[in-house]
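Undergrad: model this:
(2 chains)
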Amino acid sequence: MDNKEVLKIEDNNGNITEYEVLLAFYWFKTKKYYIVYTDNLETDGALNVYASIYYPNDKTRLDSIETEEEWNEIEARLNDDYERGDN
Amino acid sequence: MDANMYDASAELLSSLMKVDPTLLVNIMMPIVVLNISSIIASKKYVKYKLQKDFKPTDISKIALPPKLDQKYSEVDIEKLVEFEYLEILISFVNYIEENFSNCDLTNFYNNINELKTKEKEFILTELLTIKTPGGTYKPKSNVISLHKDLSFESINPILFHELFHMASSVYDNGISYIGFSQKNHKEGTWSIGDGINEGYTELLRRRACDEKKELTKINYDVSVEIVKRLEEIVGKDRMQQLYFKADLPGLIKELEKYSTEDEIAQFISGTDFIYNKLEFRNIDDNIIEMIRESFKNVYEYMFKALVRKEKLNYEDGLIDEKELVKIIADKVMKYEKDHYIDYKYYICITRDTMKEIVKSTLGEDFMKKVNEENENSYPFWGI
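TA: The predicted structure follows:
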């Protein structure tokens, strides 16, 4: 069974990039939805992982992570399943 | 839910070979373990690098995975005006919105605004099972089917039960994710997690409705008893969250804190077997023996997980030794369980078994403290 979940981002030129979703969660502290995803490519032997803020009912928007506290929370949740490479 | 025929091969073997029933449970286990392994395939221990400078720009649109994609953020009553049992539906909507966190209700909002109902007869299920099903919910079509001859008093509890299924379901790429169950329609139809899911759905339904309006299904009662204990291990809020998000992998991950993958597989396999078998007509002695074995395995697993959880709480300093003794003593006193179903007696777990589990997990000396605690609280407990 293929359980991979996919995030697709289409730009204004119609180009679609697909990412595999690793993790998604709602954080009560910030009241935001976070999505963590990968293009399954590597840099220096480590998987590229990206994170954004998403809005469940706005299909045109992905915001950047702004604070170190948010990055720390994302890393903490990722580290349950993944080993951190050199950041 | 429709009757599940996935264990038909086990029943055939039983009647042909009269083998040791426990071997048959082990034959089914690899299917469950295989599916659990694929469910938790994200556990990769792969090195990663967070690309903090990456900022998607020039976005025209994004497509989220179905489980995250919220088409609606509120109930649109205009869409539901044609619904046959509108009053019951509104009552359900109010209950859900008052009692559960909005961020967990993506599936609920996605499904409710396009929900349909119809009446049907359940001819095959009526032939095979003791009780007639009142209704079903299908995530792919987002339809609740109700039995055409429902009594007036039974409509509310049955519809609430199916609405909870609706509120916790999503269909994606040939797989129905319904609360804690998953049904794969692509590969010859297998399913996993029915026992836990039906039990938890019914538990939530009973909490929402007048308790006197019980749905009289034997396998519901049995499954509700199991999931009440499961909820003690996982935590009520977390379990509800995972349920509405249709997150069986999340539930498995919670249980992994206190048990191995094999133990979890056997637990899920056992609850499915109990749920699916108890309502069939004319079950033979081998199947009855397998149900007995499954009850034993399921309850022993849950008690072990609970003891391990409290042990971890103690080791992490969340509780002191006195509190640990009191908690375990209380559990040993109250956790004993058996069922009397259809003139057959099923022992789920005894105090002697619990004492052995406590001894092996926490030691002989600790068990002595538990005994002392219970002698003080319950003077006749040793008799």
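
Undergrad: tally of neighbours for residue 69?
TA: Let's take chain A. A:Glu69 is flanked by 12 other residues according to other Cβ atoms under 10 Å in any protein chain shown. Heads up, the C-betas are built off the backbone N, CA and C, glycines and all.

Undergrad: chain B is the one I meant
TA: So B:Asp69, with other Cβ under 10 Å, has 17 neighbours.

Undergrad: any idea how far chain B is from the residue nearest to the spatial centre of chain A?
TA: For chain A, the residue nearest the mean C-alpha position is A:Val36 (1.8 Å; Cα atoms, centre = their mean). Distance of A:Val36 to chain B, given as Cβ to the nearest Cβ, to the nearest Å: 9 Å.

Undergrad: hmm, that residue is touching A:Val21, no?
TA: Yes - using Cβ atoms under 8 Å, A:Val36 makes contact with A:Val21 at a distance of 7.3 Å.

Undergrad: circling back: wait, is the residue nearest to the centre of chain A part of a helix?
TA: No - in this structure, A:Val36 is strand, not part of a helix, as judged by DSSP: H, G, I helix; E, B strand; the rest coil.

Undergrad: which residues does it contact?
TA: A:Val21, A:Leu22, A:Leu23, A:Ala24, A:Val49, A:Tyr50, A:Ala51, A:Ile74, A:Arg77, A:Leu78 (Cβ atoms under 8 Å, 6 or more residues apart in numbering or on different chains).

Undergrad: now the helix or strand harbouring the first one: mean pLDDT?
TA: When secondary structure is defined by DSSP states H and E, A:Val21 falls within strand A:16-27. When pLDDT is averaged along strand A:16-27, the result is 91.

Undergrad: okay, now the unreliable bits of the stretch 1-150 of chain B?
TA: Scanning the stretch 1-150 of chain B for pLDDT under 70 picks out B:1-45, B:121-133.

Undergrad: which parts of it are strands?
TA: For the stretch 1-150 of chain B, the strands defined by DSSP state E, counting those that start in this stretch occupy B:47-50, B:59-63, B:116-120, B:135-138, B:143-147.

Undergrad: any chance of those in CSV with distance to B:Glu153 and mean neighbour count as columns?
TA: What follows is the strands of the stretch 1-150 of chain B, written out as CSV (distance: least, Cβ to Cβ, whole Å; neighbours: other Cβ atoms under 10 Å in any protein chain shown):
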stretch, distance to B:Glu153, mean neighbour count
strand B:47-50, 56, 19
strand B:59-63, 45, 15
strand B:116-120, 17, 13
strand B:135-138, 14, 21
strand B:143-147, 14, 21
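
Undergrad: can you list these in CSV and add distance to chain A?
TA: Putting the strands of the stretch 1-150 of chain B into CSV (distance: least, Cβ to the nearest Cβ, whole Å) gives the following:
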stretch, distance to chain A
strand B:47-50, 4
strand B:59-63, 4
strand B:116-120, 22
strand B:135-138, 20
strand B:143-147, 24
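
Undergrad: for these, which one sits closest to B:Asn297?
TA: Proximity to B:Asn297 (Cβ to Cβ) singles out strand B:135-138 among those, at 28.7 Å.

Undergrad: within the sheet, what are the partner strands of the closest one, with directions?
TA: For strand B:135-138, the pairing partners within the sheet under DSSP bridges are strand B:143-147 (antiparallel).

Undergrad: what does the strand it pairs with contact?
TA: By Cβ under 8 Å, 6+ apart, the list of residues contacting strand B:143-147 reads B:115-122, B:132-138, B:155, B:158-159, B:162-163, B:166.

Undergrad: next, count neighbours for the nearest residue to B:Lys186 once chain neighbours are set aside.
TA: In this structure, B:Lys186 finds its nearest non-sequential neighbour in B:Gly174, 3.7 Å apart by Cβ to Cβ, 6 or more residues apart in numbering or on different chains. Applying other Cβ under 10 Å, we find 13 residues neighbouring B:Gly174.

Undergrad: residues contacting B:Gly174?
TA: B:Gly174 neighbours (Cβ under 8 Å, 6+ apart): B:Asn184, B:His185, B:Lys186.

Undergrad: let me know the closest of the residues you listed to chain A.
TA: Taking Cβ to the nearest Cβ as the measure, B:Asn184 is the one of the contacts of B:Gly174 closest to chain A, at 6.0 Å.
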